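Trainee: build me a structure from this.
(one chain, ligands or ions: 1)
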Amino acid sequence: MIHEEDFQLIKHLTEIQGCVGNETRIREYILNHVKTYCDKTEIDKIGNLICYLNGKKDTSTSKPKILLDAHMDEIGFMVRYIDKNGFIRFAALGGQNMRILPGQTVIIHSSSGKDIIGVIGEKALHLISKEERKKVSSIEDLFIDIGLSSDKEVKEHVSIGDYITLKQECHPFINHERIFAKALDNRLSCFVLIKLIKEFASLRNELDKDLIFLFAVQEEIGVRGSTVGAYKLNPDLAIVLDVTHAIDYPGVSKDKYQECYLGCGAAIVIGPNLDPKMTRMLINVARDEKIPFVLEAEPRPTPTDARAIQMTKSGIPCALIEIPLRYMHTNIETFEYKDALHVIKLIKLFLLKERDVMKLNG
Ligand SMILES: [Zn+2]
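Mentor: The predicted structure is shown next:
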């Protein structure tokens, strides 16, 4: 059962709006949450939040610098055009699933600072021909209705380029073990980083590494925040956190994809994008400490910040740990609480136990 304090943190992290290019609110929330635990925090020019947490004071050797990265942006939309009857046409920011959009409630974050509620309308079923019913609407066919009747009225509140996010509350399912929300991709990993910051703030004396936590912007349109962040920080090693597909629901074949389900623990990714020795160390820690995990093979550059970080400057060894998630890129993304706890434990023990991480660079 999820602890109430953790649930409230995840609820805030997922309900706060922060789509690609408009991460101000979520960044402020995370910063306020962690700043008292860190040695230093900063916001870089692209909008990344960087939090520094130094290990034990030891002047004899220089400690390795480990980057822990999670993107904090979510997918969203932008206002593209307002027609004369006051209907708003919009463009997708990131990989939106058009099949679930009609009928959704949205919030337009107007440049005037107001949040305006709207709905994504669609023709009533009775008015859709048999042929049309078989097709998925394209985004150009969809529109947002904010309850006004003309472009003049709408333009008093909404401008071209305003950002839009889905409106969705975070809820636990029965038993309070599984939770659904929007933006668990990747606020769930932000939750893990926040928990790690708090834990390591009281474990500094046991830590022989300096930690840098990067809450990156703009992952969903091409890992842009981490590209800039990793270049600036140039760490010795990086651990990237993201979500992965739990495919334990009807209609998806494991033969075709992977072995990953809610409750399986941490998904440790293997592939050319990731450093084999570092990945092996994580697997060993998971085995030794009996932390449940599954392995995930990714033969291509991963669709995560690790893609950019690995190729920064002269190369940064990266590991990628993912949390199983159902229904990715919808407003009902679902995860299991204990998977997040397993990921926290795995990273914590890896950072405390592995004293030889610098050998990786040899
Ligand atoms: Zn995503």
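
Trainee: so where is the stretch 251-362 of the chain shaky, pLDDT-wise?
Mentor: Within the stretch 251-362 of the chain, the ranges that satisfy pLDDT under 70 run 356, 358-362.

Trainee: can you give me the helices in it?
Mentor: Per DSSP state H, counting those that start in this stretch, the stretch 251-362 of the chain carries helices over the ranges 276-288, 306-309, 337-353.

Trainee: closest to Val217 out of those helices?
Mentor: Proximity to Val217 (CB to CB) singles out helix 306-309 among the helices of the stretch 251-362 of the chain, at 12.3 Å. (C-beta placed from N, C-alpha, C; glycine too.)

Trainee: where does Tyr163 fall, phi/psi-wise?
Mentor: Dihedral pair for Tyr163: phi -80, psi 150, per degrees, to the nearest 10.

Trainee: surely it and Gly76 touch.
Mentor: Yes - look at Tyr163 against Gly76 with CB atoms under 8 Å: they come within range, at 5.8 Å.

Trainee: which of those two has more neighbours?
Mentor: Gly76 (27 against 21; other CB atoms under 10 Å).

Trainee: correct me, but that one touches Phe90?
Mentor: No - Gly76 is beyond contact range of Phe90, at 9.5 Å (criterion: CB under 8 Å).

Trainee: which neighbours do the two share?
Mentor: With CB atoms under 8 Å, 6 or more residues apart in numbering applied, the overlap between the contact sets of Gly76 and Phe90 consists of Ile164.

Trainee: related to what we said a few turns ago, give me whichever of the helices of the stretch 251-362 of the chain is most buried.
Mentor: With neighbours taken as mean count of other CB atoms under 10 Å, the helices of the stretch 251-362 of the chain reach their highest mean count in helix 306-309, at a mean of 26.

Trainee: what packs against that helix?
Mentor: On a contact count with 3 or more CB pairs under 8 Å, 6 or more residues apart in numbering; DSSP states H and E, helix 306-309 meets helix 224-233, strand 237-245, strand 318-325.

Trainee: which stretches in the stretch 51-200 of the chain count as strands?
Mentor: 65-71, 76-82, 88-93, 105-109, 115-121, 143-145, 163-166, 171-172, 178-181 (DSSP state E, counting those that start in this stretch).
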